[in-house]
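Engineer: Fold the stuff below for me.
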Amino acid sequence: MIDLLYALLATARSSLKSQRELALENLALRQQLAILKRKTKRPKLTNADRAFWVALSRLWPDWQSALVLVKPETVIGWHRRGFKLYWT
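Structural biologist: Next up, the predicted model:
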């Protein structure tokens, strides 16, 4: 019952989003599904996965709402580490 209520609220909230936001959310969710479909028992994130989330965090203000696999603080840490590497 709670899942149904949550799904209804999520649908109502989605109808208020712009087309760009919905496209970015869809892209983010599809990327996470691609990671989960990898043939390993516990899928590991590649550098390309990390770069995707860093780029998405800069393009989309609400990127944290679609993040399921890792914590938002982890993505921010990747961004900081990449910035440090750039300047060393």
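
Engineer: could you list every residue that touches Ala28?
Structural biologist: By CB atoms under 8 Å, 6 or more residues apart in numbering, the contact list for Ala28 reads 56, 60, 63, 66-67. C-beta here means a position set from N, CA and C on the backbone, and glycine is covered the same way.

Engineer: out of these, who's nearest Trp78?
Structural biologist: Leu56 (11.5 Å; CB to CB).

Engineer: outside of the host helix or strand of that closest one, which residues touch it?
Structural biologist: Under the criterion of DSSP states H and E, Leu56 resides in helix 47-59. With contacts defined as CB under 8 Å, 6+ apart, helix 47-59 is touched by 24, 27-28, 31, 35, 63, 67, 70, 75-76, 78-79, 82.

Engineer: From those residues, keep the buried residues only.
Structural biologist: Buried by 16 or more other CB atoms under 10 Å: 24, 28, 31, 35, 63, 67, 70, 75, 78-79, out of these.

Engineer: Count residues in the vicinity of the closest residue to Lys17 other than its chain neighbours, would you?
Structural biologist: Counting by CB to CB, 6 or more residues apart in numbering, Lys17 lies nearest to Glu25, which is 7.4 Å off, once chain neighbours are set aside. Residues within reach of Glu25, counting by other CB atoms under 10 Å, total 18.

Engineer: and Glu25, what is it in contact with?
Structural biologist: Each residue near Glu25 by CB under 8 Å, 6+ apart is listed here: 17, 62, 65-66.

Engineer: By neighbours, which of those wins?
Structural biologist: Within these, most neighbours by other CB under 10 Å means Ala66, with 17 neighbours.

Engineer: my read: that one touches Leu33, true?
Structural biologist: No. Shown here, Ala66 and Leu33 do not form a contact pair, counting by CB atoms under 8 Å, at 11.4 Å.

Engineer: can I get the contacts of Glu25 in JSON lines with distance to Leu45, secondary structure and pLDDT?
Structural biologist: Supplementary listing: these in JSON lines, determined by distance: CB to CB, whole Å; DSSP: H, G, I helix; E, B strand; the rest coil; pLDDT from 0 to 100:
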{"residue": "Lys17", "distance to Leu45": "26", "secondary structure": "coil", "pLDDT": "74"}
{"residue": "Asp62", "distance to Leu45": "21", "secondary structure": "coil", "pLDDT": "85"}
{"residue": "Ser65", "distance to Leu45": "19", "secondary structure": "helix", "pLDDT": "82"}
{"residue": "Ala66", "distance to Leu45": "16", "secondary structure": "helix", "pLDDT": "82"}
